[in-house]
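Undergrad: the sequence isn't on hand, but the structure is:
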Ligand code: CDP
Ligand code: MG
């Protein structure tokens, strides 16, 4: 079957020839991601420069480039390659390069004009990922800088073409007519008590009653996928022999090992139905052929950041109508299909939002703001950057504050030397800052390990997952962070593994994921190379772990973490069970039950900690905490007190600032800060002093 986009080859090429920017809209599966690059390649756009195609998701970059390499009959990594964070499979020869939008942003730091490329395709623009949104703004500027030799294409399945076209001063919008077969939509009468059970039930029903055709189930995350796959497998195998055709159950999500991902693109064996259990990655990023039945419970997992509290929540939320339509569309790619929506039609029409809220309006923007400031382009003002949708003023302010507290920008909002070094590291600002501080304090090898371990999301094996609410079972012989907390534990785990010669079996025995640990090792290597390149003065990245860390080494590392996570500080409340956050609006939070942070001999948890993130699950929790000392946080609270947000924003005049502020009436930093740093701080300080006197007396006795 010829892909729809190929029928429009001439029209596409003509439009691209005549225009700098073209928006291209086409149904999922029409061939945008795999064919557009090849079309332009055929028409000479790779003669002297490369074609870059961005993907918001790592898996998509890998999977699509692999497909294109095989269609062109070349080895992946040669003419066709991909680059994702911490993994570069490209070479000198690469002229069709798939990369995540984050990697392209990073490339533009060292080459702001992106001269390496003749064409940049921002794919999956409807996902409205934070990085793609920033790239949209940058491209708008770049086509003016390189009017004669840069083409920008923005492709999407569902994007509001008119809006993007308007953003690019009326660029043409090409629409590839969808060749979808009709999809019958079936609604449930009510909303099920358990969407997981209902989905499984529906899948089995389809399997028994409906004619051949693959089934696609949308789940909210890997945990639910694993559960559903397991249950489906159990029930399918216990079905009476010959009562219906065979079925294979296939998971599909972002952290699936590559060899497992490939499986969903292979055709089903004869007389066998495939049941694919996927995250919303199968909504538009990856097209699985053969799907005739879609089961949509109407949910998606979404990370949400609240800039006034600094708190993340990972919520299961209702999808938008656009997403529901995308999901049902998956059923009509090859022939007429059916979509089972496990909710009533009134929910679809009345409760679902029209479109998903773009990530830029629900993320922490510290990394983005540092990036934009580091570009150092005179014509880019962070607060006035040309965004397709503006982020909230509050979140920009939050980002500036964080950058100031970790020394990435000075009191006037200019990027510091530290900030410039931080921007070179492919890490969140807090971890970049930690590495730089560690280099100064003489504990870089240890900090590199911690940063690498935190960057590898999946080091805990299923049963010992850090991110669920349950208390992680203590694992025999696994280091415990010496009471200082989770970062120290990560360091100790890695060191113990290195002493076991990085033996995979050691990981398995200790309930750790081999793949995650190997990834951490690779990341550590790359980070240490970057540190050697960017750090002024000597870097000590080589020291191996032949000796035990002393408590002085741990103290240095904790100090470095304190500098990196200055915006994520909490103080123990003496009269309450818990901590209160210092840098955001003061709130009461708890140490996550999975933490290895331990109370001292008097049964008290440390007075001050830094945390990796605040996440609301059943309650607000600090995840990954590390004990820090009062003298280390003194300079930070001084900065908090002196901070003038007006200046941080880059010397906006008070008048301009006023008008910006007017758009965000809820923002009230000064008074919040006043509460935190004056009134209650003084109260806590008095208690703290009293406690110190008491402890001193007791020690003397
Ligand atoms: O980007 P768009 O959704 O328009 O389509 P695509 O990803 O280019 O997919 C075009 C076709 O290639 C579909 O039939 C996919 O199933 C197929 N494909 C594949 O078989 N293996 C991949 N890794 C990627 C795409
Ligand atoms: Mg695509």
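TA: Good, I have the coordinates. Owing to the predicted nature of the structure, the values given are computational and were not obtained by experimental measurement. Ligands and ions are numbered 1, 2, ... in the order given.
Undergrad: can we go C-alpha only for contacts and neighbour counts from here?
TA: OK.
Undergrad: which residues touch the strand or helix carrying residue 208?
TA: Per DSSP states H and E: residue 208 is located in helix 195-209. By Cα atoms under 8 Å, 6 or more residues apart in numbering, the surrounding residues in contact with helix 195-209 are 192, 215, 217, 219, 224, 228, 231-232, 236, 243-244, 273, 275, 293, 295-297, 342.
Undergrad: among those, the buried ones, what's the PyMOL command?
TA: The PyMOL selection below is limited to those of the contacts of helix 195-209 classed as buried (16 or more other Cα atoms under 10 Å):
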select buried, resi 215+217+219+224+228+232+236+244+273+275+293+295+296+297+342
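Undergrad: which of the contacts of helix 195-209 come close to ligand 1?
TA: Contacts with ligand 1 are made by none of the contacts of helix 195-209, judged by Cα under 6 Å from any ligand atom.
Undergrad: how about the contacts made by residue 56?
TA: Neighbouring residues of residue 56 by Cα under 8 Å, 6+ apart: 100, 101, 102, 123, 124, 127, 129, 131, 132.
Undergrad: nearest to residue 80 among the residues you listed?
TA: residue 100 (14.6 Å; Cα to Cα).
Undergrad: wait, doesn't the closest one sit right on residue 59?
TA: No - with contacts counted by Cα atoms under 8 Å, residue 100 stays clear of residue 59, the gap being 9.3 Å.
Undergrad: care to break this protein down by domain?
TA: 4-176, 183-360, 412-564, 565-642+669-701 (automatic domain parsing).
Undergrad: want to throw those into CSV with mean pLDDT?
TA: What follows is the domains of the chain, written out as CSV (pLDDT from 0 to 100):
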stretch, mean pLDDT
domain 4-176, 95
domain 183-360, 92
domain 412-564, 87
domain 565-642+669-701, 77
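Undergrad: for those domains, which one sits closest to residue 391?
TA: Across the domains of the chain, closest to residue 391 is domain 183-360 (Cα to Cα), at 5.7 Å.
Undergrad: span of the closest one from start to end?
TA: 33 Å (Cα to Cα, to the nearest Å).
Undergrad: between residue 100 and residue 59, who's got more neighbours?
TA: residue 100 (27 against 22; other Cα atoms under 10 Å).
Undergrad: that one pairs with what?
TA: In this entry, residue 100 is beta-bridged to residue 55, by DSSP bridges.
Undergrad: tell me how far it lies from ligand 1.
TA: Separation of residue 100 from ligand 1 (Cα to the nearest ligand atom, to the nearest Å): 15 Å.
Undergrad: check which residues of stretch 264-284 are buried.
TA: Those buried within stretch 264-284 under the rule 16+ other Cα under 10 Å are 264, 268, 273-284.
Undergrad: how far out from the middle of the chain is it?
TA: How far stretch 264-284 lies from its chain's middle: 25 Å, per Cα atoms, centre = their mean, to the nearest Å.
Undergrad: same question, stretch 210-230
TA: For stretch 210-230, the distance to the chain centre is 23 Å (Cα atoms, centre = their mean).
Undergrad: before we move on, what about stretch 624-631?
TA: Worked out by Cα atoms, centre = their mean, stretch 624-631 lies 26 Å from the chain centre.
Undergrad: residues making contact with that stretch?
TA: So stretch 624-631 is contacted by 484-488, 558-559, 561-562, 591-592, 595, 597, 606-613 (Cα under 8 Å, 6+ apart).
Undergrad: contact partners for residue 548?
TA: For residue 548, the contact set (Cα under 8 Å, 6+ apart) is empty.
Undergrad: on the three-state scheme, it is what?
TA: coil (DSSP: H, G, I helix; E, B strand; the rest coil).
Undergrad: quick check on residue 119: phi, psi?
TA: Main-chain dihedrals, residue 119, degrees, to the nearest 10: phi -140, psi 140.
Undergrad: smallest gap between the stretch 551-700 of the chain and ligand 1, at which residue?
TA: Closest residue of the stretch 551-700 of the chain to ligand 1, Cα to the nearest ligand atom: residue 615 (33.5 Å).
Undergrad: show me what whatever helix or strand that residue lives in pairs with in its sheet, parallel or antiparallel.
TA: Secondary structure assignment for residue 615, by DSSP H and E: strand 608-616. Sheet pairing of strand 608-616 (DSSP bridges) gives strand 311-318 (parallel), strand 569-572 (antiparallel), strand 620-628 (antiparallel).
Undergrad: report the buried residues of the last one.
TA: By that I understand strand 620-628. Buried residues in strand 620-628 (16+ other Cα under 10 Å): 620, 621, 622, 623, 624, 625, 626, 627, 628.
Undergrad: quick one: residues contacting the residue nearest to the third one when sequence neighbours are not counted.
TA: The spatially closest residue to residue 622, leaving aside those adjacent along the chain, is residue 614, at 4.6 Å (Cα to Cα, 6 or more residues apart in numbering). The contact partners of residue 614, by Cα under 8 Å, 6+ apart, come to 310, 311, 312, 620, 621, 622, 623.
Undergrad: switch the buried residues of strand 620-628 over to CSV; also include distance to ligand 1.
TA: CSV is the format used below for the buried residues of strand 620-628 (distance: Cα to the nearest ligand atom, whole Å):
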residue, distance to ligand 1
620, 38
621, 39
622, 38
623, 35
624, 36
625, 40
626, 42
627, 45
628, 47
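Undergrad: farthest-separated two in these?
TA: 620 and 628, at 20.5 Å, using Cα to Cα across the buried residues of strand 620-628.
Undergrad: what's in contact with stretch 297-307?
TA: Contacts of stretch 297-307 (Cα under 8 Å, 6+ apart): 195, 199, 218-221, 280, 311-319, 324, 341-343, 362-364, 394-395, 398.
Undergrad: same check, this time on stretch 4-15
TA: By Cα under 8 Å, 6+ apart, stretch 4-15 touches 22, 26, 30-32, 35-36, 39-40, 43, 172, 174, 176-179.
Undergrad: could you do stretch 564-575 as well?
TA: Contacts for stretch 564-575 (Cα under 8 Å, 6+ apart): 402, 405-406, 429-435, 437, 578-584, 605-613, 633, 636, 684, 687.
Undergrad: just the buried members of those?
TA: Among those, those classed as buried by neighbour count (16+ other Cα under 10 Å) are 402, 405-406, 429-435, 437, 578-584, 605-613, 633, 636, 684.
Undergrad: now, the contacts of helix 195-209 that are in strands?
TA: 215, 217, 273, 275, 293, 295, 296 (DSSP state E).
Undergrad: show me which of those residues is closest to residue 78.
TA: Nearest member of these to residue 78, counting by Cα to Cα, is residue 275, at 34.5 Å.
Undergrad: how about the contacts made by that closest one?
TA: Residue 275 sits next to 203, 214, 215, 216, 217, 247, 248, 249, 250 when contact means Cα under 8 Å, 6+ apart.
Undergrad: just those now: which is nearest residue 149?
TA: For the contacts of residue 275, the nearest to residue 149 is residue 216 (42.5 Å; Cα to Cα).
Undergrad: quick check: bridge partners of residue 156?
TA: On the basis of DSSP bridges, residue 156 is bridged to residue 25.
Undergrad: surely it meets residue 121?
TA: No - with contact defined as Cα under 8 Å, residue 156 and residue 121 do not form a contacting pair (10.4 Å).
Undergrad: for the stretch 251-400 of the chain, which residues are neighbours of ligand 1?
TA: 265, 286, 287, 288, 289.
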